[in-house]
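# Need the 3D shape of this:
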Amino acid sequence: MDFDSNGGNKRVFHRLGNKQSQPHHQHQQSHYPQNQKVCYHWQAGRCARNPCSFLHRELPLPPPTTHPSSSSSSSSSFNGPAKRAHGGLGGGGQRNDGFSSRKNPNFNNTWGRPGGTSGGVPPKKMERVCNFWVQGKCNYGDGCKFLHSWSIGGSFSLLTTLEGHQKVVTGITLPSGDKLYTGSKDEHVRIWDCASGQCVSAVHLGGEIGCMINEGPWVFIGLPNMVKALNIETVTDMSLSGPVGQVYSLVVGNDMLFAGIQDGNILAWKFNPATNCFEPAASLTGHTSAVVTMFAGANRLYSGSMDNSIRVWNLETLQCIQILTEHTSVVMSVLCWEQFLLSASLDNTIKVWAATPSGNLEVTYTHTEEHGILTLCGMFDAEAKPVLLCSTNDNFVHIYDLPSFMERGKIISKQEIRAIQAGPSGLFFTGDGNGQVRVWNWLAEPKTAM
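Just a heads-up that it's a prediction; the model follows:
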């Protein structure tokens, strides 16, 4: 299977991408903005009208949605075994494999509303980063028709870029409060100091890294024909043999480590404290091609494969209890939110699955993109609202509100983004095909002047 520093001046961090050049206008007196145009003076950071008849945000305010407000959610923890919260830049044990909160059966009838399958209002500026701006020599400033930012959207900002990897970043994880671990097809794991942003170590593992997760003190790394297990507390490592081909996906569930492998098998190991070793526990067969994504939750293991299917496994019996075949291309990512399963595929769709009274999963909503989807990551924004990050193979990450699928912004990269990881304190991370790791920060939603 096969963006320059910190994103410009501070104003860029608080609004959507680069500013679109608009003709000078006269402000009209009114209590609410009556014009859907963005205020030119606000874009330049000098609007003194209050109220202003033009928008003080790049996108018009979306219509009310039916998903719960942040005040109604009592939990913002992510699914998965690692739930430890850490302080500092990049620290945290949450994974990029989904999130959970209080179940609400009313969500069944709210997917994709309002906004349909295409989300919110698209930005007017051309969705292409200015090459001259990247080189630090664009003379057009706010008048440039191309973006002077690596993102579109006013609710998150780029903090910094971590340089070092030479090939696509395939794994990002945060096993401790002061270190960030990243893995790449350049066969290296890089360890970054969260306070300085400097790489403190680069470990060569002798094979392409297909995936990487952490659980407690352990960092698990998927390699060709093995899984490497690193214990960051005891500074020891061991190799788990058995896989045939590249290990593309890893997940922990029911006290077992599962590895999705190139040959279509899923191998499981269990840690034996007596011997201080991981021992083989099971082999799950059925997929006819590489298993590239997995998620464990609610006593179920979900596996997505290059055979275009999703298999649902009972974590107690390790038996396959359902095969989902609605996707028509590779299933690249699966995660759970509330009582729903979300799956993404190279067939350009995200499918939302819900359980029927019989317990079987059926598609309750389908969201369509223009390009194939590479990975999904669920998290909460600065206002504790659920959002979905969706990476597509045209080098964009689309950020959607859930469950409406209203688009609130995009991240742009030079090459496609294969790894997205949620962090603590409003941080999240992306890794792209250029080998760059970017650190992002959620911001409070910009308010319209009244």
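
# first to last residue in stretch 379-397, what's the distance?
14 Å (Cα to Cα, to the nearest Å).

# Please, which helix or strand holds the spatially most central residue of the chain?
Centroid-nearest residue in the chain, with Cα atoms, centre = their mean: Cys377, separated by 3.1 Å. In this assignment (DSSP states H and E), Cys377 forms part of strand 373-380.

# Distance from the chain centre to the very next helix or strand once past that strand, please.
Of the helices and strands lying after strand 373-380 in sequence (DSSP H and E), the nearest is strand 386-392. From the chain centre to the centre of strand 386-392 is a distance of 6 Å (Cα atoms, centre = their mean, to the nearest Å).

# how deep is the closest residue in space to the residue nearest to the centre of the chain that isn't next to it in sequence tucked in, by neighbour count?
Spatially, and ignoring its direct neighbours in sequence, Cys377 is nearest to Ile420 (3.9 Å; Cβ to Cβ, 6 or more residues apart in numbering). Any C-beta I mention is one placed from the backbone N, CA and C, and that applies to glycine too. Ile420 is flanked by 24 other residues according to other Cβ atoms under 10 Å.

# need the next SSE after the helix or strand where Ile420 lies, C-terminal direction.
Using DSSP H and E, Ile420 falls within strand 417-422. For strand 417-422, the following helix or strand on the C-terminal side (DSSP H and E) is strand 427-432.

# quick one: stretch 428-438 to chain centroid distance?
Computed by Cα atoms, centre = their mean, the separation of stretch 428-438 from the middle of its chain amounts to 11 Å.

# ugh, typo on my part, it should be stretch 283-303
The answer for stretch 283-303 is 20 Å, by Cα atoms, centre = their mean.

# Can you check the distance spanned by that stretch, start to finish?
End-to-end distance (Cα to Cα), stretch 283-303: 13 Å.

# Report the contact partners of the residue nearest to Cys377.
Asn96, Ile172, Thr375, Cys377, Leu389, Ser391, Val397, Phe428, Phe429, Thr430, Gly431 (Cβ atoms under 8 Å, 6 or more residues apart in numbering).

# ok, the fourth one touching Leu388?
So the one you mean is Cys377. Yes: the pair Cys377 / Leu388 is scored as a contact, 7.4 Å apart, by Cβ atoms under 8 Å.

# how many neighbours does the residue lying closest to Ser239 once chain neighbours are set aside have?
Nearest residue to Ser239, sequence neighbours excluded (Cβ to Cβ, 6+ apart): Met226, at 5.0 Å. Burial of Met226 is recorded as 19 neighbouring residues (other Cβ under 10 Å).

# Quick check, pLDDT for the residue nearest to Cys377.
If you check Ile420, the pLDDT there is 97.

# I'd like to know how far it sits from Met306.
20 Å (Cβ to Cβ, to the nearest Å).

# need the longest strand for this structure.
strand 236-253 (DSSP state E).

# what angle separates whichever helix or strand comes after that one from strand 236-253?
Next in sequence after strand 236-253, counting helices and strands by DSSP H and E, comes strand 256-261. Calculated by axes from the mean of the first three to the mean of the last three Cα atoms, to 10 degrees, strand 256-261 forms an angle of 90 degrees with strand 236-253.

# Just give the strands next to strand 256-261 in its sheet, each with its orientation.
With DSSP bridges as the test, strand 256-261 is paired with strand 236-253 (antiparallel), strand 266-272 (antiparallel).

# For Leu402, list the residues it contacts.
Leu402 neighbours (Cβ under 8 Å, 6+ apart): His67, Trp337, Gly378, Pro386, Val387, Leu388.

# Assign a three-state SS to Leu347, would you?
Not Leu; residue 347 is Asp. Here Asp347 is coil, with the state taken from DSSP: H, G, I helix; E, B strand; the rest coil.

# what do you get for Thr161?
Secondary structure of Thr161, per three-state DSSP, is strand.

# show me what contacts Leu267?
By Cβ under 8 Å, 6+ apart, Leu267 lies in contact with Gly242, Pro243, Phe258, Ala259, Ile261, Pro280, Ala282, Ser283, Leu284.
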